[in-house]
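Trainee: here's my sequence, what's the structure:
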Amino acid sequence: MAEYTEYKNEGIWQHFLREKQGQSAKCKLCKTVLKTVGGSTKGLHEHLKRMHDLSVLKRQKNNEESDDPPAAAKRKGPTPGAMMKYMLDKSENSLQATIARMTARDGLPFRPFVTSPDLRKCLMALGFSHLPTSAESVKRMVMEHGGQVRSAVVTDMARKKAKGQRFSLTLDEWTSGRNRRYMNINIHEEGGNFWSLGLARVHGSMPADTCVAILQMKLAEFGLSLTDDIVCICTDGASVMVKVGKLIAAEQHLCYAHGVQLAVLDVLYRRRSQVCASATATASASSAAKEDVSATATEEADNSDADDNDDDEQEQLMEIVTENYDVVMELSPEYRTVVNKVRKIVKLFRRSPTKNDATLQPYVKQEFGKELSLTLDCPTRWNSLVAMLSRFKQLRGPVQKALIDLGVGHQCDITDGDYAVISDMLCCLEPLQLAVTALCRRDTNLLSAEAALKFCMLQLQKQSSELAKTLAQVLGARIQERRGLYSAVLQYLHSNTAKQTATDIFTIPNNDVIRKFVRGLVTRLEQKKSSAATASTSSAQGEPSESEASSEPTEPEPNIQQQLELAMRQSVETSAETTSSDSQQNAAKKIDAAIKAEMAVFLSSGKRGRWLEQAYRYLLSIPPTSVEAERAFSGAGVLCTKLRSRLDDKTLDTLCFLRSYYRKE
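Mentor: Numbers count the residues shown, from 1 in each chain. Now for the predicted structure:
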């Protein structure tokens, strides 16, 4: 036998060492010894391709010969072999995880993974050889990975529950472009961490009892109970959501961000006729508003002037808001007049590219060195009013020069007094905008949220304008009607000196009210353990179930001795039940006495005991706003577009769940 075996392709030996026997070769990269029976190099080529993703073949795909081998694409790990394809790959670098991230987080549809050659080449460059060949296969891979991630989230929640943690949730409803209604649910814990549970489909109308049923069903999928595991729910102030809070045992918190929104609407977007002090006035204003809306719609059909149409729409949106809420102070109409003037000038330049490019922008470039456009506000978004007024004040000089050149300066005259009013409005609205931004941060809890609101109100009270005083008063009333007892108890538990800094809005109740609330909270959230123990005891000593009773044959009538034994056994069971109820009452009394003693120690030393610390940790999980649900709807709008509106409910639920999971990660 020859000392070395001759091979047709000598280029392969740059990666292998030949053995003297000629029947094996050793890889230089991984030191693996491979058999080369009969001089065949097929096993060597397959080893390089599978383990190192290298190809030294001279034969190309188009059957054209080339002297130089193609560039080798390296990957970090070995390609899965024949046995590994039957194993579940839970790695974040797997093909399922990669496609799931690109579809959920980046918003890519399913079909481009099949039809786009560039996208498939990118996936093959990552080392994925078995790519899906249909959109249904891509969807199936995403759904399977979504189930794996969901199982990991359920395990994480169960682990935290075992450690004694409890959660709060935010929820809201949303209507998709396909005219389907969904409800989003997010679970929050102490520290700002949260999980999105996806979207739950709502069929037809959603009264309060239906909302509670959907909520319980969605929580059950993740192993949570609305009674035993949820501290508080955070919703907006809609009537159906308020009723949901009354039907459940958990606490309910109304969103502070919506309260600030309503306060600004009460001051800046209400007419005098809607500021009513009684239910009768509210009803009359509501009927008048409906008549005005219908009259406005008729006028708009006959009117072709775009400016008049927009003004009518603005008035219509102002008149639709008719709530039974009293505004103590009435705002001067000069603010509304100035805002209308600003809107008219902004529309003049935004609706005419010629006037904007040829008249306004040359003056803007001359003063600022770059183009700056005027912005128009949205009637239902007060923060857009801040952006419009701020940009208009910044471009005061160029706008005045452009109006003079256009010859409409006398029609759109903005005086120095009007600019003073604009400055007052900006000074009042900017603290509110900063406060809302702080409220909507994910790491904000009730303590920091109320500190931001208190700071905002102090800034408004320091100002001397009529608008600032009105906003401070109305904002205080809106926050006071949304602030619950849990917020006051959390302020008390956070610092034993909270009563010294209490105000008319952020009040602190007396010790008896706090003790009663803490006792009810810890009893409700800890009753799961005691109820489970009671259920196991009753199942061990109790009667058989209905299925067992139905399967058993009918027994004959017991005799006198059996009746006597039955009566004696029932007497013992009754006494045992009485003892159990007495023990529960004694346990409740012990908890109440322990809380009372801990409160005395807390007032003297500032140290929280077991029950006070537990209640404090529970209340820290309550989010101050329901903005997280709004963020989920923004993501759902990215996934469910007009061109991609036929996603089924389960697929949209999984994509929204994965999108929130990966964006949070």
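
Trainee: going forward, measure contacts and count neighbours with C-alpha atoms only.
Mentor: Fine.

Trainee: shaky segments in this protein?
Mentor: 1-22, 38-39, 57-91, 270-332, 380, 409-411, 500, 527-585, 665 (pLDDT under 70).

Trainee: change it to 50
Mentor: Counting by pLDDT under 50, the chain contains low-confidence ranges at 1-9, 20, 60-90, 272-330, 530-555, 574-579.

Trainee: hang on, Ala468 packs against Cys456?
Mentor: No - using Cα atoms under 8 Å as the test, Ala468 is too far from Cys456 to be in contact (10.7 Å).

Trainee: now do the phi/psi pair for Ile248.
Mentor: phi -110, psi 160 (degrees, to the nearest 10).

Trainee: what's near enough to touch it?
Mentor: Residues near Ile248 by Cα atoms under 8 Å, 6 or more residues apart in numbering: Val212, Leu226, Thr227.

Trainee: switch to 10 Å and redo it
Mentor: Counting by Cα atoms under 10 Å, 6 or more residues apart in numbering, Ile248 makes contact with Asp209, Val212, Leu226, Thr227, Cys232, Ile233.

Trainee: who touches both of Ala468 and Cys456?
Mentor: The contact lists of Ala468 and Cys456 share Cys428, Leu429, where a contact means Cα under 10 Å, 6+ apart.

Trainee: still on that earlier bit, buried subset of the contacts of Ile248 as a ChimeraX selection?
Mentor: Applying 16 or more other Cα atoms under 10 Å to the contacts of Ile248 leaves a buried subset, and the ChimeraX line that selects it is:
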select :212,226,227,232,233
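
Trainee: what's the closest of the contacts of Ile248 to Thr437?
Mentor: Ile233 (21.1 Å; Cα to Cα).

Trainee: and which of the contacts of Ile248 is nearest Lys365?
Mentor: Distances from Lys365 to the contacts of Ile248, taken by Cα to Cα, are shortest for Ile233, at 51.1 Å.

Trainee: go ahead and confirm the closest one touches Val212.
Mentor: No - look at Ile233 against Val212 with Cα atoms under 10 Å: they stay out of range, at 11.4 Å.

Trainee: common neighbours of these two, please.
Mentor: Common neighbours of Ile233 and Val212 (Cα under 10 Å, 6+ apart) are Leu226, Met241, Val244, Gly245, Ile248.

Trainee: next, format those as CSV and append secondary structure.
Mentor: Output for those, formatted as CSV (DSSP: H, G, I helix; E, B strand; the rest coil):
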residue, secondary structure
Leu226, coil
Met241, helix
Val244, helix
Gly245, helix
Ile248, coil
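
Trainee: biggest separation within those residues, which pair?
Mentor: Pairwise across those, and taking Cα to Cα, the largest span is found between Leu226 and Met241, at 15.2 Å.

Trainee: what's the first-to-last distance across stretch 595-613?
Mentor: Taking Cα to Cα, to the nearest Å as the measure, stretch 595-613 stretches 10 Å from start to finish.

Trainee: can you offset everything so residue one is 31?
Mentor: Done: numbering now begins at 31, and the last item shifts to stretch 625-643.

Trainee: ok, residues contacting it?
Mentor: Contacts for stretch 625-643 (Cα under 10 Å, 6+ apart): 520, 522-527, 541-542, 544-546, 548-549, 551-553, 619-624, 644-649.

Trainee: ChimeraX command to pick out the buried ones of these?
Mentor: To isolate the buried ones among these in ChimeraX, judged by 16+ other Cα under 10 Å, type:
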select :520,522,523,524,526,544,545,548,549,551,552,553,621,622,624,644,645,646,647,648,649
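
Trainee: narrow the contacts of stretch 625-643 to those in strands?
Mentor: Among the contacts of stretch 625-643, DSSP state E puts none in strands.

Trainee: Gly222 in helix, strand or coil?
Mentor: Once three-state DSSP is applied, Gly222 turns out coil.

Trainee: next, the contact list for the residue nearest to it when sequence neighbours are not counted, please.
Mentor: Once flanking residues are discounted, Gly222 sits nearest to Asp473: 4.6 Å by Cα to Cα, 6 or more residues apart in numbering. Residues near Asp473 by Cα under 10 Å, 6+ apart: Glu220, Gly221, Gly222, Asn223, Pro653.

Trainee: state the distance from Asp473 to Ile652.
Mentor: 11 Å.

Trainee: between those two, which contacts overlap?
Mentor: Joint contacts of Asp473 and Ile652 (Cα under 10 Å, 6+ apart) are Glu220, Gly221, Gly222.

Trainee: make a ChimeraX selection of the buried ones in the residues you listed.
Mentor: Restricted to buried positions by 16+ other Cα under 10 Å, the ChimeraX selection for the shared contacts of Asp473 and Ile652 reads:
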select :220
